[in-house]
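K.L.:
What follows is a predicted protein model with its sequence.
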Amino acid sequence: MDQARFEEGRNAYEAKDYRAASKHFLAAAGRGEGSGAAYHMAGNCLVRLRRYSDAVTVYRRALSDDPYDRQGAVYANLGAAHVALGEYAEAVHAYDAALDQPDYEGHYRALQGKAGALLEMGKLEEAAMAYRQAALDADNPDPGKALNNLGLCFMAMDRPTDAVEAYRAALGFDNYTGRGRALANLGMAYHYIDCHKDAVKSFEKATEAHGHELSEPAREAFDASKEALQAPGERVTVEGWSTGEMPPCVDTDTDSAEGLEDKPVVTDTARAEDADSVEEDDDVSAFFSMTEAEMRRLDKEARKARRAGRDAHRSPWVTVGIVCAGIVVLAGVLIGVFAMGIGYPTQRMTVEGMLEARSEGRAVEGYWVAVPAADIDKEMAKLPPASDFVIDEVDRSPRTSRVAVTVTPDSGAPLDYEIILHREGVGWKVTGVENDWRSTGGGS
C-alpha cells in the first residue's frame, strides 16, 4: 500500500472531501496484502457519496485482504451498503459474517443492522430476536433505539402487550434521545389494548414534553382514546404506528468515521416528566429476563382476553365477512406476487449462491432444476473460473427469468453472461447459461 497516498486520503476524508478521499484511497490500495485499510476507507467514502453499488465492490476487495484485522467492521459496512440498495438478504449474510469475526467489537451495530434488514424482508420474529440481542449487548451505548424497534416488531406481530414493555424499557434509559418517538409508539400500543388513559398520557408527554410531531395514525389514535374516555365501551381501531430508527449506513467504529447524527442531551426535567411511564422498574427488569416463549405465552393470554371481550358484542356474520375478505385479499396478493416473478429464494439469491459455491469448490447441483449431472457440468463449463462477479440486472416473469451477470476471470477481461432460471415451487432454480457476446465484441 502506498502510505503517502493513504495519508492524503485520510486528510481529504477529515476535510469531508469524500470524492477526493476515495480517489486517494483507491490509488493507495494497490493489490494483495496490505490493501484492506485503503479499500475499507474508500468504501466509506463511496457510501457517503451514496454510490452504494461501488461501495459493495470496494468493501469486497477489502475483505480479500485476509491479514486485515478489521474485517468485522468491513462486513458490517457491507451490510449497510446492501440495505441502502434494497438487497436485504445479502445484507443479512454480511451482518452474520461480521458477528462471526472473533475480534469484532461492534456486535450491537451488526445486530441492529441485521434486524432492520430482516424487518424489511418481513421476518418479524427473527428481527425481534436481533433487536432484543442488540439491546442486551453490554457494549451498546444506546439500547433505547433497539428497544423502540423491538416494540415495532411486536406491534407488527400483533403482540401489543410485549410492545408496551419494550417501549417502557426504552424510556428507562436516561441517555435515550428518542423519547418523544417512543412515547408516541407507547401511546399506540396502549390504545390498541384499550388502555386509553395511559395512551392519552403517553401521547401528551410525547407532544408537550418533547415536542414530538405525531404521525397521522398516532393523531387518530390519540383522538380515539380521548373519545373512548368520554364514551366508555365504544372502541375505535386505528391502523399503523410510528417509524423506528434504522442504524446509520457507515459503521461509526471505522477509522476516522464519524457518527451521522448528533446526540442531543436529554435534560433531567424531561427524564422526570417521563418517570411515571416507567415507574414499575421490577416489571421492566422482568421484561429483560423473560424468555421468548414466556413473552409469547403472556401476550397470547392478553390477546385471548381482549378477543373474548370483543367477540361478545360481535355478530357472527361480521366474523364470516372478515374471513371471506381475508381469503380474497390473500388470493390477490399471491396472484400479484406470482405475476411479478417474486419468489424465495429470489433469482438473485440463487445465482449468487451458485456462483459463490462454484468459486469455493462446493457442489452447485442444488441450485439447478433436477437435471443430469453431465448436463449441469456442460452448462457450468461455459463460465470461466472466477472469484469475482457482479449481478447486473434481473429480468423477471411469472415462470422464467433471466439474470445478467458480469464475471471477471482469474486472468482476462470481464465477460457477460445470462443465467436462465425457472420457477420451482415458490422459488427459482437455474436451467441454463448463455453467453452475452457483446462483452467480447461479438455484437453491436
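P.N.:
Right, received. Where do you want to start?

K.L.:
remind me which residues of the stretch 151-300 of the chain are low pLDDT?
P.N.:
For the stretch 151-300 of the chain, the stretches with pLDDT under 70 are 231-300.

K.L.:
Helices of that one, residue ranges please.
P.N.:
For the stretch 151-300 of the chain, the helices defined by DSSP state H, counting those that start in this stretch occupy 160-171, 179-192, 196-204, 216-230, 268-274, 281-289, 292-311.

K.L.:
what's the third one in contact with?
P.N.:
Read that as helix 196-204. 183-184, 186-188, 190-191, 214, 218, 221-222, 225-226, 228-229, 277 (C-beta atoms under 8 Å, 6 or more residues apart in numbering). The way it works is simple: take the backbone N, C-alpha and C, and place the C-beta from them, glycine included.

K.L.:
out of these, which are buried?
P.N.:
183-184, 186-188, 190-191, 214, 218, 221-222, 225, 228, 277 (16 or more other C-beta atoms under 10 Å).

K.L.:
Go through those and name the one nearest Ala381.
P.N.:
Of all the buried ones among the contacts of helix 196-204, Ala381 sits closest to Met188, with 57.5 Å by C-beta to C-beta.

K.L.:
where does the residue nearest the centre of the chain land in three-state SS?
P.N.:
Centroid-nearest residue in the chain, with C-alpha atoms, centre = their mean: Ala117, separated by 1.5 Å. The local conformation at Ala117, judged by DSSP: H, G, I helix; E, B strand; the rest coil, is helix.

K.L.:
for the nearest residue to Leu214 once chain neighbours are set aside, what are its contacts?
P.N.:
Spatial nearest neighbour of Leu214, excluding adjacent residues (C-beta to C-beta, 6 or more residues apart in numbering): Ala184 at 5.7 Å. Contact analysis of Ala184 by C-beta under 8 Å, 6+ apart lists Ser202, Phe203, Ala206, His212, Leu214, Ser215, Ala218, Ser242.

K.L.:
Scan those and report the most crowded one.
P.N.:
Highest neighbour count within these: Ser202, with 30 neighbours (other C-beta atoms under 10 Å).

K.L.:
The closest residue in space to that residue that isn't next to it in sequence and Ser22, how far apart?
P.N.:
Leaving out its chain neighbours, the residue that sits closest to Ser202 by C-beta to C-beta, 6+ apart is Gly187, at 3.7 Å. According to C-beta to C-beta, to the nearest Å, Gly187 stands 44 Å off from Ser22.

K.L.:
just Pro414 next, same as before
P.N.:
From Pro414 across to Ser22, the span is 21 Å (C-beta to C-beta).

K.L.:
Look at these two and report which has more neighbours.
P.N.:
Neighbour totals were compared for Pro414 and Ser22, and Ser22 leads with 26 against 13 (other C-beta under 10 Å).

K.L.:
my guess is that one meets His40, correct?
P.N.:
No. In this structure Ser22 lies outside contact range of His40 using C-beta atoms under 8 Å: 11.7 Å.

K.L.:
Name the SS class of Tyr68, please.
P.N.:
The local conformation at Tyr68, judged by three-state DSSP, is coil.

K.L.:
what about the nearest residue to it once chain neighbours are set aside, how many residues close to it?
P.N.:
Spatial nearest neighbour of Tyr68, chain neighbours left out: Gly36 (2.7 Å); criterion: C-beta to C-beta, 6+ apart. Gly36: 22 surrounding residues under other C-beta under 10 Å.

K.L.:
so what's Gly36 up against?
P.N.:
Contacts of Gly36 (C-beta under 8 Å, 6+ apart): Ala62, Leu63, Asp65, Pro67, Tyr68, Arg70, Gln71, Val74.

K.L.:
now it: how far from Gly43?
P.N.:
10 Å.

K.L.:
Next, show the common contact partners of those two.
P.N.:
With contacts taken as C-beta under 8 Å, 6+ apart, Gly36 and Gly43 have Ala62, Val74 as neighbours in common.

K.L.:
and the residue nearest to Val92 when sequence neighbours are not counted, what does it touch?
P.N.:
Computed as C-beta to C-beta, 6+ apart, the closest residue to Val92 that is not its neighbour in sequence is Ala117, at 5.1 Å. Ala117 makes contact with Gly79, His82, Val83, Tyr88, Ala89, Ala91, Val92, Tyr95 under the criterion C-beta under 8 Å, 6+ apart.

K.L.:
and the last one, backbone torsions?
P.N.:
Right, Tyr95. phi -60, psi -40 (degrees, to the nearest 10).

K.L.:
Please report how far it lies from Ala110.
P.N.:
On the measure of C-beta to C-beta, Tyr95 and Ala110 end up 5 Å apart.

K.L.:
Need the overlap of contacts for those two.
P.N.:
Joint contacts of Tyr95 and Ala110 (C-beta under 8 Å, 6+ apart) are Tyr75, Ala76, Gly79.

K.L.:
Let me have those residues in a markdown table, adding secondary structure, neighbour count and distance to Lys429 as columns.
P.N.:
Putting these into a markdown table (DSSP: H, G, I helix; E, B strand; the rest coil; neighbours: other C-beta atoms under 10 Å; distance: C-beta to C-beta, whole Å) gives the following:
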| residue | secondary structure | neighbour count | distance to Lys429 |
| --- | --- | --- | --- |
| Tyr75 | helix | 24 | 28 |
| Ala76 | helix | 32 | 31 |
| Gly79 | helix | 32 | 26 |
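
K.L.:
I'd like these written out as JSON lines, with pLDDT and distance to Ser387 added.
P.N.:
Below are these laid out as JSON lines (pLDDT from 0 to 100; distance: C-beta to C-beta, whole Å):
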{"residue": "Tyr75", "pLDDT": "92", "distance to Ser387": "17"}
{"residue": "Ala76", "pLDDT": "92", "distance to Ser387": "22"}
{"residue": "Gly79", "pLDDT": "92", "distance to Ser387": "20"}
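
K.L.:
I'd like those residues written out as TSV, with distance to Pro345 added.
P.N.:
Output for the shared contacts of Tyr95 and Ala110, formatted as TSV (distance: C-beta to C-beta, whole Å):
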residue	distance to Pro345
Tyr75	21
Ala76	24
Gly79	18
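
K.L.:
Kindly indicate which of these lies nearest Pro384.
P.N.:
For those, the nearest to Pro384 is Tyr75 (27.3 Å; C-beta to C-beta).
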